[in-house]
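Asker: structure for the following, please:
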Amino acid sequence: MKLADIQIEELRRDITTLLQIFKIENALGAMGASFDLNMTDLTVLVFVGENKQAKMTDLAHILNTRLSTVTSIIDRLIKQKLVLRKKSESDRRIIFVYLSAEGQRLHSGLVKEQFKNTVAMLSSLSPSDQVMISKIVKKIAESARAQFARLEP
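Answerer: You can find the predicted model right below:
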């Protein structure tokens, strides 16, 4: 392996470790949440929570699945009282999904748990290193978003 390959492999392992720490399921466990949720359900909850609402078609797009599958997911989340579904008043064909009060509490708890994990990870760094890592991760995330956008159909 060349030096660059070794660095890339170390970075890949470090990113994997960070992703494991930030797993939403881990945050749920730490919160003591007792919902029957799979990763797709959690992805929907986080997306809707971050965006305050989502169109069913947008959810189908981010999940890379059919609208009928999203309907089943939303039905399941409605039964658990985590989301609400409402037709657009201006165009009845458009259906929006919102977090219910319970869904908002769950989303807020997830964000707080991830925030706590971030603080813990950054605590070993100096303030200047914290600023530097924040800028670097932002650049990496922006690059990844741009790369992903090019791959979308």
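
Asker: what residues does the helix or strand that contains Ile73 touch?
Answerer: Using DSSP states H and E, Ile73 sits in helix 67-79. For helix 67-79, contacts defined as Cβ atoms under 8 Å, 6 or more residues apart in numbering pick out 40-41, 44-45, 56-57, 59-60, 63, 83-85, 97, 103. C-betas here are computed from N, CA, C, even on glycine.

Asker: hmm, which of these are the buried ones?
Answerer: Buried by 16 or more other Cβ atoms under 10 Å: Thr40, Asp41, Val44, Leu45, Met56, Leu59, Ala60, Val83, Leu84, Val97, Gly103, out of the contacts of helix 67-79.

Asker: now, these that are in strands?
Answerer: Members of these lying in strands (criterion: DSSP state E): Val83, Leu84, Val97.

Asker: distance between stretch 103-121 and the chain's centre?
Answerer: Taking Cα atoms, centre = their mean, to the nearest Å, the mean C-alpha location of stretch 103-121 is offset from the chain mean by 11 Å.

Asker: alpha carbons of it, as CSV, please.
Answerer: Once non-C-alpha atoms are left out, stretch 103-121 reads as follows in CSV (Å, rounded to 0.1, in the frame of the first residue of the first chain):
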residue,chain,number,x,y,z
GLY,A,103,-42.5,12.7,16.7
GLN,A,104,-41.2,16.2,17.6
ARG,A,105,-40.2,15.0,21.1
LEU,A,106,-38.5,11.9,19.6
HIS,A,107,-36.6,14.0,16.9
SER,A,108,-35.6,16.6,19.6
GLY,A,109,-34.2,13.8,21.8
LEU,A,110,-32.3,12.3,18.9
VAL,A,111,-30.7,15.7,18.0
LYS,A,112,-29.8,16.3,21.7
GLU,A,113,-28.2,12.9,22.0
GLN,A,114,-26.2,13.4,18.8
PHE,A,115,-25.2,16.9,20.0
LYS,A,116,-24.0,15.4,23.3
ASN,A,117,-21.9,12.8,21.3
THR,A,118,-20.4,15.6,19.2
VAL,A,119,-19.5,17.7,22.3
ALA,A,120,-17.8,14.6,23.8
MET,A,121,-15.8,13.9,20.7
